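Chemist: Dropping the sequence and predicted coords here.
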Amino acid sequence: MPTEIIWGPPTWALLIGYLLGSIPFGIILTQAAGAGDLRSIGSGNIGATNVLRTGRKGLAAATLLLDLLKGVAAVLLVRHWLPGEEALAAAAAFIGHCYPIWLKFRGGKGVATLMGVVVALYWPLGLVYAVVWLGLLATIRISAVAGMTAAISAPLAAAVLGRFDLVLLLIALALIVIWKHGANIDRLLAGTEPRIGRKKP
């Protein structure tokens, strides 16, 4: 197979997206702040919700923002350098966060990074995602429910807004978010899922 085909725009889009998405900002920030190894705290997850369990609200907010922005950056950079390959970059950034090679493919649950790629792909979808996610976080205060519902809202909103080109991609990413929340779903069914601000049983 010719080298120009192997290293064509789709391959570069996947690499750029994956490498950006796989940056574990939660671990980097907590270790830099002397808050310990995030993987040994709470659920062991590398996302903002688990960073919050360190008691450092600022670090949690920074983790959420950076996890979101790496998704935005992956899509926008590829749109600039490799127009037409944005969907590949979006998927790769999300997969990179959920399954980073640097952490033996044990990454986060993808909610913030998914919002980032959704915002960059089509900002009205990002607005819907943000309203659903942040609205549920503020009301029911169960991170897993808010995150999964927001992920499900993305393909539904894409269909309603006529962006059928994004529906299948967003369905696939939403299913991965739900898969990554398997343990949370078990706790929800058992009535033991903690609310934000309370310690996990």
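Modeler: Yes, it's here. Just so it is clear, the model here is predicted, and its values are computed rather than measured. Residues are numbered from 1 along each chain as shown.
Chemist: which stretches of the chain form helices?
Modeler: Remark: helices assigned in the chain by DSSP state H are 3-6, 9-21, 25-32, 48-52, 57-81, 86-98, 111-121, 123-139, 143-160, 164-180, 182-190.
Chemist: So which of those is nearest residue 196?
Modeler: helix 143-160 (5.8 Å; CB to CB). Quick note: C-beta positions are derived from backbone N, CA and C, even for glycine.
Chemist: Just the buried residues of the closest one, please?
Modeler: Buried residues in helix 143-160, defined by neighbour count with 16 or more other CB atoms under 10 Å: 143-158.
Chemist: was I right about residue 148 contacting residue 178?
Modeler: Yes. Using CB atoms under 8 Å, residue 148 is in contact with residue 178, at 5.6 Å.
Chemist: Could you give the average pLDDT over stretch 181-194?
Modeler: For stretch 181-194, mean pLDDT is 94.
Chemist: Show the contacting residues for the nearest residue to residue 136 once chain neighbours are set aside.
Modeler: Of all residues not flanking residue 136 in the chain, residue 146 sits nearest, at 3.7 Å (CB to CB, 6 or more residues apart in numbering). Contact analysis of residue 146 by CB atoms under 8 Å, 6 or more residues apart in numbering lists 111, 132, 133, 134, 135, 136, 137, 140.
Chemist: Which one of those sits in the busiest neighbourhood?
Modeler: For these, the largest neighbour count, defined by other CB atoms under 10 Å, is 26 neighbours, found at residue 111.
Chemist: most packed of the helices of the chain?
Modeler: For the helices of the chain, the largest average neighbour count (mean count of other CB atoms under 10 Å) is found in helix 111-121, namely a mean of 28.
Chemist: so who does residue 134 touch?
Modeler: When contacts are counted by CB under 8 Å, 6+ apart, residue 134 touches residue 146.
Chemist: Now do it, the pLDDT please.
Modeler: Confidence at residue 134, expressed as pLDDT, is 93.
Chemist: just residue 56 next, same as before
Modeler: 82.
Chemist: and the gap between it and residue 45?
Modeler: 15 Å (CB to CB, to the nearest Å).
Chemist: Looking at those two, which one has more neighbours?
Modeler: residue 45 (21 against 17).
Chemist: can you tell me which residues contact that one?
Modeler: Applying CB under 8 Å, 6+ apart to residue 45 gives the contacts 26, 38, 108, 109.
Chemist: can you tell me which two in the residues you listed are farthest apart?
Modeler: Longest span within the contacts of residue 45, CB to CB: 38 and 109, 13.4 Å.
Chemist: burial count for residue 191?
Modeler: Residue 191: 6 neighbours (other CB under 10 Å).
Chemist: start the count at 42, not 1, going forward
Modeler: Sure thing, new numbering starts at 42, so read that last one as residue 232.
Chemist: how far away is the residue lying closest to residue 213 once chain neighbours are set aside from residue 59?
Modeler: Excluding its sequence neighbours, the residue lying closest to residue 213 (CB to CB, 6+ apart) is residue 132, at 7.5 Å. Taking CB to CB as the measure, residue 132 falls 9 Å from residue 59.
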